[in-house]
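Novice: Any chance you could fold what I've pasted below:
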Amino acid sequence: MSEIPDEVVQAQRVVDAAWAELAAFRKAVDADRRKTAQPPGERHGLPVLRPWTDAEDARYAELHAAVVAASEARADAMRAAGIESTWDTERAIRAAARAGGE
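Specialist: Okay, here's the model as predicted:
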């Protein structure tokens, strides 16, 4: 694919950042849940983790909504630029976003 428009590259960076924030939150919650895990009831069982709190669920939903909104904005930018989503264009967009963001 030829040059990826800056609007599409920037939209991809926003999507990447939103996903990274969501993943970091999930990992932080899971780490906290592991700290307070109860020992397994059986010899080779898994530890029992506490459920997510309502506040954690709400924050996750908020972050997930941001990912969806960013993804939709990226799709709009691609349509406006006349770019179809194919394997090669997706790889090129992600590579362009990584190349300029380092």
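Novice: Please identify the buried residues of stretch 32-39?
Specialist: Neighbour-count burial for stretch 32-39 flags residue 33 (criterion: 16 or more other CB atoms under 10 Å). C-betas here are computed from N, CA, C, even on glycine.
Novice: ugh, typo on my part, it should be stretch 69-79
Specialist: Applying a neighbour-count criterion of 16+ other CB under 10 Å, one finds 70, 71, 74, 77, 78 buried in stretch 69-79.
Novice: now the residue sitting furthest away from the middle of the chain, what's its secondary structure?
Specialist: No residue in the chain sits farther from the centre than residue 43, which is 35.6 Å out by CA atoms, centre = their mean. Judged by DSSP: H, G, I helix; E, B strand; the rest coil, the three-state class of residue 43 is coil.
Novice: what's the distance between it and residue 50?
Specialist: Distance of residue 43 to residue 50, given as CB to CB, to the nearest Å: 22 Å.
Novice: How are the helices of the protein distributed by residue range?
Specialist: 6-35, 54-80, 87-100 (DSSP state H).
Novice: Dump those to JSON lines, plus mean pLDDT.
Specialist: Below are these laid out as JSON lines (pLDDT from 0 to 100):
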{"stretch": "helix 6-35", "mean pLDDT": "98"}
{"stretch": "helix 54-80", "mean pLDDT": "99"}
{"stretch": "helix 87-100", "mean pLDDT": "94"}
